[in-house]
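Peer 1: What shape does this take:
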Amino acid sequence: QVQLVESGGGLVQPGGSLRLSCAASGFTFSSYAMSWYRQAPGKERELVASIDTAGGHTNYADSVKGRFTISRDNAKNTVYLQMNILKPADTAVYYCKGTHFLGFAYWGQGTQVTVSS
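Peer 2: Below you'll find the predicted structure:
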């Protein structure tokens, strides 16, 4: 059974940090590029960051460059999103996604991140 389980979300003050984790099971994690998306209320889901299968190449949305870092540990079947200098505009449900080059894709259930004083 394929599962992507996000954790690490919560309530944080502006300027604070959170580290999201996404634990994968049921598929060959190291064969999948991984990404983090987010969706704020009333807005479309947007790509935040992505990382290739080996972890050598990453991409970020302009809005998070310099503040967020995506990484992965293929031995632990886990992808991370370190989020620093958080802003209220970062408030959203964060989802991880695994994508195989043949087109297969899996989504997690999401974790809420709320940035508020």
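Peer 1: Let's check: the centremost residue of this structure is which one?
Peer 2: Taking C-alpha atoms, centre = their mean, the centroid of the chain lies closest to Trp36, which sits 2.9 Å from it.
Peer 1: buried ones in whichever helix or strand that one is part of?
Peer 2: Here Trp36 sits within strand 32-39, counting by DSSP states H and E. Neighbour-count burial for strand 32-39 flags 32-38 (criterion: 16 or more other C-beta atoms under 10 Å). Glycine gets a C-beta too; all of them are placed from N, C-alpha and C.
Peer 1: What residues are bridge-paired with the closest residue to Gly55 other than its chain neighbours?
Peer 2: Closest residue to Gly55 apart from its sequence neighbours, by C-beta to C-beta, 6 or more residues apart in numbering: Arg72 at 4.9 Å. Bridge pairing for Arg72 (DSSP bridges) gives the partners Val79.
Peer 1: shouldn't Arg72 be in contact with His57?
Peer 2: No. Applying C-beta atoms under 8 Å, one finds Arg72 not in contact with His57, separated by 11.3 Å.
Peer 1: Same drill for these two, tell me which one is more crowded.
Peer 2: Arg72 (23 against 10; other C-beta atoms under 10 Å).
Peer 1: hey, where'd the strands end up in the chain?
Peer 2: Using DSSP state E, the strands found in the chain span residues 3-7, 10-12, 18-25, 32-39, 46-51, 58-60, 68-73, 78-83, 92-100, 105-107, 111-115.
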